[in-house]
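K.L.:
Got a predicted structure here, sequence first:
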Amino acid sequence: MLALQALCVLDALGDDFLAQLDQFLGDAQTHADLGFRRPPAAEIAAFARRLVEGTWRGRQRYDELLTQTAASWSVARMPPVDRAILRLGLYELLEESDVPPEVAITEAIKLARRFADRDSPAFVNGVLDAIRRKLGIPTGAQQEHEPCHGTF
């Protein structure tokens, strides 16, 4: 949630906001707005920073994938929250190898349910899963059922 909020601000203000990212991630009002009862642990803030920086750095590639996949929607026309959720989901799907694809997509759907429009969860799910399939990224269930080609 913290990373999503920061990405929405970055999308509105641009690269200059990166200089204020640590302050934003540690801001008590931001935490209160998100319903946190206490500030997130240092490792959570560090993870949020990594998500934000990685997502922002890769946004051109992610936007190209979104343009190819959601052909009837230009990235610029997407609601800003949907755009940020999709970019964040793509970062996790493509760059965070320790996050299973189904977890990255499920987390994006949860963010869409909480912060976006009523139709956004289905849109986010459809777009991210289409990109996952297009890029040949297997889910955990698919990995379990793949035949073993090793020698015994």
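P.N.:
Right, received. Where do you want to start?

K.L.:
just the helices in the protein please.
P.N.:
Along the chain, the stretches classed as helices by DSSP state H are 2-13, 21-25, 28-33, 42-57, 59-69, 80-95, 101-115, 120-134, 140-145.

K.L.:
show me where pLDDT drops low in this structure?
P.N.:
Applying pLDDT under 70 to the chain flags the ranges 141-152.

K.L.:
deepest of the helices of the chain, which one?
P.N.:
helix 80-95 (a mean of 24; mean count of other CB atoms under 10 Å). Every C-beta, even on glycine, is put in place using the N, C-alpha and C of the backbone.

K.L.:
For that one, which outside residues touch it?
P.N.:
Helix 80-95 has contacts (CB atoms under 8 Å, 6 or more residues apart in numbering) with 3-4, 7-8, 11-12, 51, 54-55, 58-59, 62-63, 65-66, 75, 78, 99, 101, 103-105, 107-108, 111-112, 115-117, 120, 123-124, 127-128, 131-132, 135, 137.

K.L.:
for it, the distance to its chain's centre please.
P.N.:
3 Å (CA atoms, centre = their mean, to the nearest Å).

K.L.:
again, but for stretch 94-109
P.N.:
Remark: stretch 94-109 is offset 8 Å from the chain centroid, using CA atoms, centre = their mean.

K.L.:
Likewise for stretch 13-24?
P.N.:
18 Å.

K.L.:
Repeat that for stretch 113-128.
P.N.:
12 Å.
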